[in-house]
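1. Kindly generate the corresponding structure for this input.
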Amino acid sequence: MDAITRDLQRPAPWTLLCADDVMLASEQKEDLQRQTQAWSERLARFGLRLSVKKTEYMTTNLDELFTIQVDGNDLRRTDYFKYLGSTFSADGNLAHEVIARVNAT
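-> This next block holds a predicted model:
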């Protein structure tokens, strides 16, 4: 996947790629929408697909209401997600991360 998306990738922390897991980040929702659609189209060109059911987005502006779509399908919004063992929270709270680490020991 790294080879077929190299020109779409941005320096960390804006694009994080590990095996088949990708995290895209942006300061603007319009840019995130463009990135998400571009990744979906690139994957499709090589016979792969972005799973709308597994793909989520998160915003740190909890009052802002918007939707990110892929091929006209709304992605699910989440308040936190786990990526490569670390938990990210929309409100910056570390509670999910602390609980996950305590439970892992």
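2. For the rest of this, base every contact and every neighbour count on C-alpha atoms.
-> OK.
3. Need the residue closest to the centroid of this protein.
-> Met23 (3.9 Å; C-alpha atoms, centre = their mean).
4. So that one lies in a strand, does it not?
-> Yes: counting by DSSP: H, G, I helix; E, B strand; the rest coil, Met23 is located in a strand.
5. Can you tell me the closest non-neighbouring residue to it?
-> Leu16 (5.0 Å; C-alpha to C-alpha, 6 or more residues apart in numbering).
6. For stretch 82-92, the averaged confidence score.
-> Stretch 82-92 carries an average pLDDT of 83.
7. from now on call the first residue 739
-> Got it, first residue is 739 now, which makes that one stretch 820-830.
8. chain center to that stretch, what's the gap?
-> Averaging C-alpha positions (C-alpha atoms, centre = their mean, to the nearest Å) puts stretch 820-830 11 Å from its chain's average.
9. List the buried residues in stretch 807-821.
-> Using 16 or more other C-alpha atoms under 10 Å as the test for burial, stretch 807-821 gives 807-808, 813, 818-819.
10. quick one: which two of the residues you listed are the most distant?
-> Farthest pair in these (C-alpha to C-alpha) is Val808 and Tyr818. Separation: 20.1 Å.
11. which SSE is the residue nearest to Met761 in?
-> Leu754 belongs to strand 753-756 when assigned by DSSP states H and E.
12. residues in contact with that strand?
-> Strand 753-756 has contacts (C-alpha atoms under 8 Å, 6 or more residues apart in numbering) with 740, 747, 760-763.
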